[in-house]
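Asks: The amino acid sequence is not available; the structure is as follows:
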């Protein structure tokens, strides 16, 4: 089961106590389908819990029973997937839906009468045309709303509710999306999918920890490569001075550091400083080795 399907199953079983919120969630489920005219409702889903919720809301709001036709189809991953399509409920029911939900405004906010109705409406919308990416693969919440006027109205409504959605067009079909993980988390909490919000948060924490570990490892590797490269250059310079007979011209302090470097080619500057007889710091060792390399270049 996909992450989207898990969320839809979870929110479809949320108990809706007030009649206005039942109407609101049904309105959200029907919103993307048509313009609330006498045209048939082309409602399809692959989630059985969503089918049960839709049927229950139709009984509660309109006092009618609806049926779905069940069929099988291949998913994008070539797996067999069950699909449910709403059977034609009859002209009387279509008229009743049109009378209840239609408005001169694209979004009939008169239906959203209590504080919880907005969340119920957006929950129904997600059940009908929403999808969300598994947070282990990325952050992407999308609504497929092909009607341009509805798409723009819904984008404005989402932004009014602090969900910054953007519009895109794929193959001539409009849709809305959000990519910020915080916005997706807030949306999931708003529609009653608190567990999904926590799952996204946890995935983000794991990803951040993994990224920090990778950055630290890359930094350590870069520092090691830099240190190893510098030590190799220093050792080469010291050996060249010895072979050319110029090593004896070095001051005693530089000779001491040079010998310690030859004896400890992989040692860090801190480790070399501790090997010296006198008090010398890491920067002091670095300064001496730099002088040795410069002396070899002359």
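Replies: Received, thanks. Keep in mind that this is a model prediction, so the values were computed, not measured. Numbers count the residues shown, from 1 in each chain.
Asks: Now find how far off-centre the helix or strand bottoming out on mean pLDDT in the chain is within its chain.
Replies: The helix or strand of the chain with the lowest confidence, counting by mean pLDDT, DSSP states H and E, is helix 194-243 at a mean of 76. With Cα atoms, centre = their mean, to the nearest Å as the basis, helix 194-243 stands 25 Å off its chain's centre.
Asks: Repeat that for stretch 175-188.
Replies: 9 Å.
Asks: ok, and what's touching that stretch?
Replies: Residues outside stretch 175-188 that contact it (Cβ atoms under 8 Å, 6 or more residues apart in numbering) are 7, 122, 132, 135, 139-145, 151, 154-155, 158, 162-169, 194, 196-197, 200-201, 204. All C-beta spots, glycine's among them, are computed from the backbone N, C-alpha and C.
Asks: Could you tell me which of these count as buried?
Replies: Taking 16 or more other Cβ atoms under 10 Å as the criterion, what is buried in the contacts of stretch 175-188 is 7, 122, 132, 135, 139, 141-145, 151, 154-155, 158, 163, 165, 196-197, 200.
Asks: rewinding a little: now, which of the contacts of stretch 175-188 lie within helices?
Replies: Applying DSSP state H to the contacts of stretch 175-188, the entries found in helices are 7, 122, 151, 154, 155, 158, 194, 196, 197, 200, 201, 204.
Asks: From residue 189, how far off is the residue nearest to the last one when sequence neighbours are not counted?
Replies: Leaving aside its sequence neighbours, residue 204 sits nearest to residue 181 (Cβ to Cβ, 6 or more residues apart in numbering; 5.5 Å). Applying Cβ to Cβ, to the nearest Å, the value for residue 181 to residue 189 is 13 Å.
Asks: Repeat that for residue 297.
Replies: Distance from residue 297 to residue 189, by Cβ to Cβ: 65 Å.
Asks: if you count what's nearby, which of the two comes out ahead?
Replies: residue 189 (15 against 7; other Cβ atoms under 10 Å).
Asks: before we move on, the earlier item: which strands and helices sit next to the helix or strand that the least confident helix or strand of the chain is followed by?
Replies: Downstream of helix 194-243, the next assigned helix or strand under DSSP states H and E is helix 252-263. Where contact means 3 or more Cβ pairs under 8 Å, 6 or more residues apart in numbering; DSSP states H and E, helix 252-263 is packed against helix 194-243, helix 269-275, helix 282-297.
Asks: would CSV of those helices with distance to residue 106 be doable?
Replies: Conversion of those to CSV gives the following (distance: least, Cβ to Cβ, whole Å):
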stretch, distance to residue 106
helix 194-243, 28
helix 269-275, 69
helix 282-297, 69
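Asks: Determine which of these approaches residue 251 most closely.
Replies: helix 282-297 (8.7 Å; Cβ to Cβ).
Asks: so who does residue 174 touch?
Replies: Here residue 174 is in contact with 145, 146, 147, 148, 151, 167, 168 (criterion: Cβ under 8 Å, 6+ apart).
Asks: ok, the first one touching residue 129?
Replies: Put plainly, it is residue 145. Yes. Counting by Cβ atoms under 8 Å, residue 129 is a contact partner of residue 145 at 6.2 Å.
Asks: which residues do the two both contact?
Replies: residue 32.
Asks: Residue 262 is in contact with residue 238, isn't it?
Replies: Yes. Counting by Cβ under 8 Å, residue 238 is a contact partner of residue 262 at 5.8 Å.
Asks: Could I get the pLDDT score of residue 190?
Replies: With respect to pLDDT, residue 190 scores 94.
Asks: how many other residues sit next to the closest residue to residue 62 other than its chain neighbours?
Replies: In space, and not counting its chain neighbours, residue 62 is closest to residue 96: 5.4 Å by Cβ to Cβ, 6+ apart. Residue 96 has 17 neighbouring residues, counting by other Cβ under 10 Å.
Asks: hmm, who's touching the helix or strand where residue 96 lies?
Replies: In the assignment (DSSP H and E), residue 96 maps to helix 91-101. Taking contacts as Cβ under 8 Å, 6+ apart, the residues outside helix 91-101 that touch it are 23, 27, 30, 36-41, 58, 61-62, 64, 66, 108, 111.
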